[in-house]
Structure formats: structure tokens, C-alpha cells
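*Asks:* with the sequence up front, the predicted model follows.
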Amino acid sequence: MKKLHLIVFLIFASFTAFAQEVKKEETKKEPQGHTDINKFSQMYAEMATPNMFRTASGAPGPAYYQQRADYKINLELDDKLSRMYGSETVTYYNNAPESLDYLWVQLDQNIARRDSQTPLIDSQTMPQATSAENFAKTYMGKGFDGGFNLEYVKDEKGNGMKYTVNNTMMRIDLPKPLKKGEKVVFSIKWWYNINDYMKDGGNGRSGYEVFPDGNKIYVIAQFYPRMCVYNDVEGWQNMQFWGRSEFALTFGNYDVKITVPADHILDGTGVLQNRSEVYTAEQEKRWQLAENSFDKPVIIVTQAEATAAEKSFATTKKTWHLKAENVRDFAFSTSRKFILDAMAVQVGNSKPMAISMYPKEANPLWENLSTKAVAHTLKTYSKYTFEYPYPKAISVSAEDQGMEYPMICWNYGRPDENGKISDRVKYGMLGVIIHEVGHNFFPMIVNSDERQWTWMDEGLNTFLEYLTEQEFDKNFPADRGPAKSIVPYMKGNQQFLEPIMSHGDVVYNFGANAYGKPATGLNILRETIMGHELFDHAFKTYANRWKFKHPTPEDFFRTMEDASAVDLDWFWKGWFYSTDVVDLGIKNVKQFYVTEDASKEAAAAVNRRGRRMPNSGPMIYLVNSESTELKPESKTALETEKVMALNDYLNKNYNAEEKAALKNPKYFYEVEFDKPGSLMMPIIAELQFEDGTSETHKFPVQIWRRNNTNAKRVFATEKKVVKIQLDPKLETADIDVTNNTWPKEAVVDKFEQIEKK
């Protein structure tokens with residue numbers, strides 16, 4: 001029995017061992033493959049395939065085309081009813097290779113209709129308390145009655161055309177396909193109630209501001225049915241206008257006649273055709289002086305003249321006639337309250353006029369600064385892009401506004417009721433004027449699709465705004481552009497962050513996403529990654545390639561690389577296509593000393609590192625000063641003359657002059673950098689020495705190319721390092737600076753301080 005038990009046990013043990021081996025074999029798996037996850041991979045999957053319309057270099061291709069729409073518009077403003085009446089004749093040219101069966105037209109004012117869908121797209125909550133005014137407007141009133149009232153849509157012969165309105169879009173059906181090279185002419189008659197943008201909302205970019213005495217300042221835009229863009233990328237860009245993401249528009253020529261009360265002063269897009277009919281003789285003389293004044297503005301309509309006009313409401317009318325060539329839109333502003341000043345600006349060989357229109361309530365701030373800011377903006381933007389091609393740029397004082405159109409914009413900023421001008425108001429006004437005037441370049445001339453890609457105009461423009469502000473005043477308190485300013489946003493809750501390459505209507509933090517982050521990214525490219533020379537050339541190349549055309553994001557990305565020979569796919573992917581963050585740190589620092597100790601321990605240590613070179617003669621050992629393998633008698637700075645093996649080599653291979661030119665390092669540090677954040681960025685390390693001096697080392701982003709998380713560098717210095725500081729000037733948008741120093745120290749998080757402020 002015992003023997004039998006033993007056999008059974010042995011069999012069982014053998015079976016168990018066999019089963020365990022089988023189980024091991026079953027659970028043993030081959031290494032699994034993975035897709036390309038390297039941060040330096042090219043962006044073929046993200047970007048559209050180049051073609052004959054748009055090339056791989058980022059330039060327009062040989063088959064590039066764009067449509068054109070010319071407008072003849074007649075308007076009349078009813079100042080008592082705050083109502084606009086208009087009729088327009090549109091000549092639309094089809095330059096596309098395919099035929100069109102219908103046209104799409106934008107009806108932006110329709111967001112202010114009582115049946116508008118726009119108020120229904122946002123969630124609502126019941127407030128615990130609210131003002132009586134807000135309660136009445138929200139729960140008791142019918143709301144502002146806005147939107148286009150279409151009287152007719154007719155063809156060139158006066159016959160009615162079939163059309164369908166879909167919220168803010170209108171489709172006009174053509175009786176026959178519009179072939180390539182053909183044009184179609186049609187007319188639309190309409191009217192709408194102009195909104196009080198301070199009260200009624202609706203399309204807040206346009207409307208009027210009313211003053212206690214009943215006078216109004218009108219800032220009028222999106223006032224006419226406008227052609228949608230048709231191109232090789234989208235076909236018809238007929239996304240609905242929900243109120244945030246702005247416009248995609250077609251270039252063309254405008255002939256506009258605007259009838260307003262006779263005591264109004266008006267200006268807008270284009271060249272005034274009948275100045276002698278609408279200006280007094282004295283005002284016309286002042287204008288002629290302004291055309292040759294390059295140092296300071298000339299007041300065309302004085303404060304005394306504007307104040308006198310405010311006191312009576314004219315019953316007679318006056319028609320202002322403006323023409324504009326090759327613009328994407330038209331806007332104007334009119335009021336009897338306007339003071340107007342102007343000056344000429346020398347931009348290359350052209351002399352555009354910088355103009356401001358403002359009420360007395362804006363003085364002295366506007367008289368002192370507005371037109372000068374306009375002139376400075378035209379000069380600075382022209383330097384970084386192309387010479388400003390239009391005949392003028394106008395800044396209009398409109399409270400709580402900041403909006404842009406070709407050659408004209410509305411801008412915030414006035415003294416308070418006591419006439420006080422705080423720095424916040426002053427610099428706020430200057431920033432808005434620079435930003436909105438700058439929009440003449442992006443997107444009015446470099447005509448990107450704002451409806452789809454907000455950052456292509458707002459982000460690029462905010463970047464140039466930052467450069468322009470710094471040139472206007474080196475102490476200008478810019479809040480967008482510097483890398484440190486975007487950190488509070490980037491370190492925020494990822495649930496509420498979206499990539500820059502997102503539609504503007506779906507973004508939580510619109511200002512940071514569409515303005516701040518792209519502007520910061522361009523500033524990092526210019527200051528840290530590419531340098532001024534390469535960046536400025538590439539940026540100017542993009543601006544000139546695409547002025548008066550319709551670029552896409554790919555056209556921008558490709559041009560920046562094409563014109564600079566800098567591979568930036570890693571940057572576009574991280575900064576624009578993701579919500580990755582920058583976080584670089586110092587993980588470890590090893591200090592080394594030099595010895596000629598040939599002990600077995602030293603040799604073994606070197607061999608383990610794989611650094612022994614065959615037939616290299618006597619070895620010099622660089623040993624970690626914290627190593628337990630070697631215990632040298634002293635760990636002082638290297639005295640080169642005492643290292644015999646090194647001296648022998650130098651004496652045999654270098655003459656006296658060559659030896660004198662050699663560096664003489666005495667201290668050796670191996671620094672391991674890590675990257676807790678997933679966004680790539682160059683390493684900028686400042687070494688601070690015991691004598692109070694410092695030096696900065698910069699390593700290209702490619703240092704992470706084979707290991708996206710760790711990198712090591714050796715620093716051989718003549719002086720003892722007492723501190724190593726990463727990103728000392730805060731130029732990489734690093735979200736955590738507590739791991740940026742060695743030796744590790746308690747760091748006051750400057751970004752936290754900014755966030756609290």
C-alpha cells in the first residue's frame with residue numbers, strides 16, 4: 001500500500017508539473033504589435049491630400065479657383081423707427097469646374113427673428129434671483145422682432161425666382177445650371193428692424209447704441225443677404241450661423257448708396273464718391289490737409305460741430321455713395337454724434353488713411369490715441385505680412401463692441417461718467433483697436449473660413465496683435481501671446497478642453513481656445529522653436545500666397561514648413577490637434593569625477609556602461625561621485641595637468657596654439673530630463689554657477705525622437721554648478737514648474753499666482 005501511494009504521488013506530482021508547464025505555455029504570449037505612436041510621425045492621416053487646387057507645399061495649385069460676387073446696393077435708414085430698407089443686385093460668377101444648380105445666400109439677421117433657433121441651442125437654468133428687467137424680458141416679453149423681411153427675389157429680367165429659407169440660409173434655385181465661366185444676375189428687396197445691441201441682443205455685432213437724449217450711433221453689418229462661399233474644399237459653405245462662429249465670404253466689388261438723415265456723419269467700406277456733397281466746404285479742406293498729414297491726425301468734423309448736430313434731428317436726407325473693389329464684405333457706421341479725425345499712413349508706396357469716428361463721450365481718450373493706434377497697426381502688420389492694399393482703415397467708438405469688417409471696425413473703450421481713464425480702459429481700448437484693425441489682414445484679405453476654423457483669423461490675428469502691442473509700448477500689458485499666459489487654461493480640467501482644430505460653436509472656453517492658445521503657439525514657434533528669421537519669412541510667405549484667396553489649415557501648416565525647412569508636424573499634432581500639455585522636469589543629476597584608477601572595480605563599471613573603446617590606450621574613468629564601486633581619496637575639480645593619460649594624448653596630437661584654444665572642463669554632470677506631459681517641446685536648461693554667472697543650453701525637440709519620455713545630457717563645465725533651472729524665462733507653457741529645478745527646492749508657482757489674480 002505504501003509503495004502504491006508513492007507511485008500515485010509521483011504520478012500526480014509529475015502530472016502537476018506537466019500541467020504547470022502546459023499552463024505556462026498557454027499563458028505565454030507573443031509580444032503584441034501596435035500602431036505608430038511616435039510623436040514625430042508625419043501628418044498624412046490628419047491632413048487632406050494635396051491636389052491641383054492646393055499643393056503639397058501649401059501654395060495654391062494650378063487649378064485653384066474662387067468665385068466672385070459683385071453687389072449694387074441701395075439703402076435707406078429710418079432713424080425714428082430704427083429700420084433698414086434695402087435692395088441689392090448681385091452678379092455671381094461661377095469659376096468652378098462644375099456647374100451649379102442653385103445658390104446659397106446668408107441671412108445672418110435671421111438669428112434675431114422671433115422664431116430663431118439660436119436661443120434654443122443653449123441649456124437654461126432657473127436663477128435664484130434676477131432683476132425685474134431681466135425677468136420681464138426673459139419670461140414676459142415677446143422679444144425683439146428682428147430678421148430679414150424679404151419682399152422679392154427676381155432674376156435679371158424681373159421674373160420671380162424660387163427660393164427656400166432655412167433659418168439663416170437661403171437657397172435660390174436656378175432655372176438652368178450655371179456652367180463654368182458663366183454668370184447670373186439676381187435682385188433681392190428686403191427690410192429689417194435694427195436691434196439695440198446693448199439691450200435687445202440678437203446679432204450683437206451690429207445694431208445701434210442709444211444715448212439719453214435719443215441720439216444713436218449705428219454700427220451696421222450683416223445688413224444684406226450675402227453670398228456663401230463655394231470652393232474646392234467644402235462645396236457650399238452653408239453652415240448655419242448660430243451667433244458665435246463668424247463668416248465665410250466671397251470677394252467682389254461693391255457699389256453702395258446709403259441714405260441717412262442729413263445731419264449724420266457716415267463712413268464705411270470703400271472710397272467715398274461724393275465727398276463734396278456730404279461734407280461742408282470747410283470739412284473738405286480739412287480732409288485734404290489730412291491726406292498729407294503723416295505725424296498727427298487732423299480733425300475733420302470737430303466736437304463743436306458734432307455737439308451742435310446732436311441738438312436737432314434733421315428731417316431732410318443725404319445720400320452717401322461708397323465704392324469698394326475686391327473686398328469680401330461691406331459695413332458702415334453713421335450718427336449725428338460723430339467727431340471724425342484722420343491722417344495719412346506711409347505703407348510702402350501707398351498712403352492709406354487712418355480714420356476715427358467717435359462721440360464726445362469718448363474724448364479725450366479717442367482723440368489722443370485711436371487714429372494713432374490705427375496707423376501703427378497698419379504699419380506693423382504690413383511689416384510682417386504685406387503692404388496694406390486698401391485705401392483706408394476706420395476705427396469707430398461703439399461701447400461694448402469689438403468687431404471687424406473690411407476697412408472699418410467697432411471698438412470698445414471710453415472714460416467713465418466722471419471722465420476718468422483707467423489704465424485698464426486705456427490699454428483695453430488700444431488692444432481692441434489694434435486687434436480689430438488687424439483683422440483687415442486676417443480674414444478680410446487672407447480670407448480664411450471663420451465659420452469652420454475660428455483660430456485661422458482670431459488666433460493668427462491675436463499673435464500679430466501681441467507683436468504690434470509690444471512695438472507700440474514695450475510695457476503693454478498683453479494677456480494673450482506670452483507662453484506663461486496660456487498655462488492656467490492648459491492645466492485646466494481636460495473635460496472642458498478641446499483641440500484648437502474644433503468648430504467654434506462646440507468650444508467651452510472660446511477666448512482661450514480660438515484666440516489665446518493659437519497665438520501662444522505661434523509665439524513659441526517664433527521665439528523658441530524656429531527663431532525670428534525663419535518664422536517671419538515663412539509667415540510672410542503664407543500671407544502673400546493666400547492674400548485675396550481662401551486658405552485652409554493645411555495650407556498654413558504646409559507653408560510654414562515649406563518656407564522654413566523646419567519639420568513641425570509634431571507641433572501641429574500636439575498643439576493644434578490635441579489637448580496635450582507641456583510638462584518637462586529634471587528627474588536626476590549625477591556628478592562625475594575623473595580618475596586614472598585602473599582598478600578592476602573601475603574597469604568593470606566602465607565595461608558595464610559599454611564605453612570602453614578598443615585600442616584606445618590608457619583609459620580615463622569618469623565615475624559617478626555617489627558610486628559605491630569606487631571610493632577615491634578626493635573628489636575635487638579636475639586639474640587637467642594632473643591627468644597624465646590626457647596630457648600625453650594632447651602633447652602628441654595638438655600644438656601649443658591648438659591646446660590654448662581648447663576648453664578646460666573641471667566639473668561633469670549627467671542630467672536626466674523627463675517629460676510627464678505628453679506635448680513635445682525643446683529642452684531649455686540654465687546652469688547657474690557658484691560665482692553667480694550662468695549659461696543657457698537649448699536642445700532641439702528632436703532630442704525626444706527615440707524616447708518620448710526621457711532624455712539625458714552631459715554638461716562639462718569649467719565652474720561648479722550650484723543650480724539647474726529648466727525653462728527659466730517661462731517660454732514653453734510648462735504647466736508644472738515645481739519639477740524644473742535641481743537641487744529640488746520649494747517653488748512658488750507663478751502660474752498659480754497668475755490664475756488667482
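*Replies:* Perfect, I can see it now.

*Asks:* low pLDDT regions in the stretch 601-750 of the chain?
*Replies:* 601-623, 626-636, 746-750 (pLDDT under 70).

*Asks:* ok, now which ones touch the residue nearest to D213 when sequence neighbours are not counted?
*Replies:* Closest residue in space to D213, ignoring its immediate chain neighbours: E310 at 6.7 Å, by C-beta to C-beta, 6 or more residues apart in numbering. C-beta here means a position set from N, CA and C on the backbone, and glycine is covered the same way. Contact partners of E310, counting by C-beta atoms under 8 Å, 6 or more residues apart in numbering, are 213, 215, 336-337.

*Asks:* which one of the residues you listed is nearest L679?
*Replies:* Minimum distance to L679 across those is 50.2 Å, recorded for K337 (C-beta to C-beta).

*Asks:* contacts only, for the closest residue in space to the closest one that isn't next to it in sequence.
*Replies:* Excluding its sequence neighbours, the residue lying closest to K337 (C-beta to C-beta, 6+ apart) is P359, at 4.2 Å. Going by C-beta under 8 Å, 6+ apart, P359 touches 211, 217, 306, 335, 337-339, 397.

*Asks:* now, of those, which are buried?
*Replies:* 217, 306, 335, 337-339, 397 (16 or more other C-beta atoms under 10 Å).

*Asks:* for the most centrally placed residue in the chain, helix, strand, or coil?
*Replies:* Using C-alpha atoms, centre = their mean, the residue of the chain that lies closest to the mean C-alpha position is G459, 1.2 Å off. Under DSSP: H, G, I helix; E, B strand; the rest coil, the three-state class of G459 is helix.

*Asks:* and what of the one 5 residues further on?
*Replies:* Secondary structure assignment for L464 (three-state DSSP): helix.

*Asks:* coming back round to it: turn the contacts of P359 into CSV, including pLDDT, secondary structure and distance to D583.
*Replies:* Listed next are these as CSV, based on pLDDT from 0 to 100; DSSP: H, G, I helix; E, B strand; the rest coil; distance: C-beta to C-beta, whole Å:
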residue, pLDDT, secondary structure, distance to D583
F211, 96, coil, 52
I217, 98, strand, 48
A306, 98, helix, 56
S335, 98, strand, 52
K337, 98, coil, 53
F338, 98, coil, 52
I339, 98, strand, 52
S397, 98, strand, 44
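
*Asks:* quick check: the farthest pair among the residues you listed?
*Replies:* Farthest pair in those, by C-beta to C-beta: F211 and I339, 14.1 Å.

*Asks:* circling back: in helices, which of the contacts of E310 fall?
*Replies:* The members of these all map outside helices under DSSP state H.

*Asks:* make CSV out of those residues and add distance to S276.
*Replies:* CSV is the format used below for those (distance: C-beta to C-beta, whole Å):
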residue, distance to S276
D213, 30
N215, 26
R336, 20
K337, 23
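
*Asks:* what's the first-to-last distance across stretch 224-240?
*Replies:* 16 Å (C-alpha to C-alpha, to the nearest Å).

*Asks:* try stretch 385-400
*Replies:* Stretch 385-400 end-to-end distance (C-alpha to C-alpha) = 29 Å.
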